[in-house]
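Q: Test case, fold it:
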Amino acid sequence: MDNLYLFAILAGTRVAVDAGEVEAVVRLTDISPVPGMGAHVAGLSALRSRVLTIVDVAAIVHGRPTPSDQRGLAIIADISGHSYGLMLDSVSDICRVPEGAVPLRGQLDSAWAPYASAIVEHDGHPWLLVSLSAFIESASAAQAA
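A: The predicted structure follows:
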């Protein structure tokens with residue numbers, strides 16, 4: 001583990017993502033809605049001749065979809081052989097944190113508990129270390145139920 005993290009705002013919360021999970025961060029252009037899908041699936045989009053499933057993380061975490069005029073950026077990730085774009089609010093930085101992650105302490109908002117595994121300190125702030133695959137797995141499990 002090289003302690004390289006992407007620092008971003010996801011669903012209104014400061015998060016860190018292990019850079020090994022991130023393929024790219026892109027600006028979203030056209031998102032085509034998919035009828036019959038859960039609120040967490042914003043739609044489909046194309047990137048370099050690939051079809052991406054665009055996932056609205058705010059809808060997963062808070063149960064409220066992101067307004068379409070605020071869908072600007074996405075983290076691109078390959079999860080279980082499928083290409084996803086996980087919508088985010090903004091990107092702060094990508095850098096190494098020599099100390100790495102520290103265990104979660106104190107109370108954590110229950111909405112984030114399934115996705116956060118630790119805390120990464122950066123620029124004097126705590127950032128929740130989240131797993132992108134955890135968002136996809138929990139949304140898939142909820143839709144299957």
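
Q: Enumerate every residue touching Val55.
A: Taking CB atoms under 8 Å, 6 or more residues apart in numbering, we find Val55 in contact with His40, Val41, Ala42, Tyr84, Gly85, Leu86, Met87, Phe135, Ile136, Ala139. Placement of C-beta: from N, CA and C, glycine included.

Q: Need the nearest residue in space to it, chain neighbours excluded.
A: Taking CB to CB, 6 or more residues apart in numbering as the measure, Val55 lies nearest to Leu86, with 5.0 Å between them; neighbours along the chain are not counted.

Q: what's the answer for Val17, then?
A: Residue nearest to Val17 in three dimensions, not counting chain neighbours: Leu6, with 4.6 Å by CB to CB, 6+ apart.

Q: and that neighbour, what are its bridge partners?
A: With DSSP bridges applied, the residues forming beta bridges to Leu6 are Val17, Ile94.

Q: my guess is it contacts Ala19, does it?
A: Yes - between Leu6 and Ala19 there is a contact under CB atoms under 8 Å: 5.7 Å.

Q: what's the overlap in contacts for the two?
A: When contacts are counted by CB under 8 Å, 6+ apart, Leu6 and Ala19 have Ile94 as shared neighbours.

Q: Show me which of those two is the more surrounded one.
A: Higher neighbour count among Leu6 and Ala19: Leu6, with 21 against 14, using other CB atoms under 10 Å.

Q: dump the residue contacts of the more buried one.
A: Ala16, Val17, Ala19, Val22, Val25, Ile75, Val91, Asp93, Ile94.
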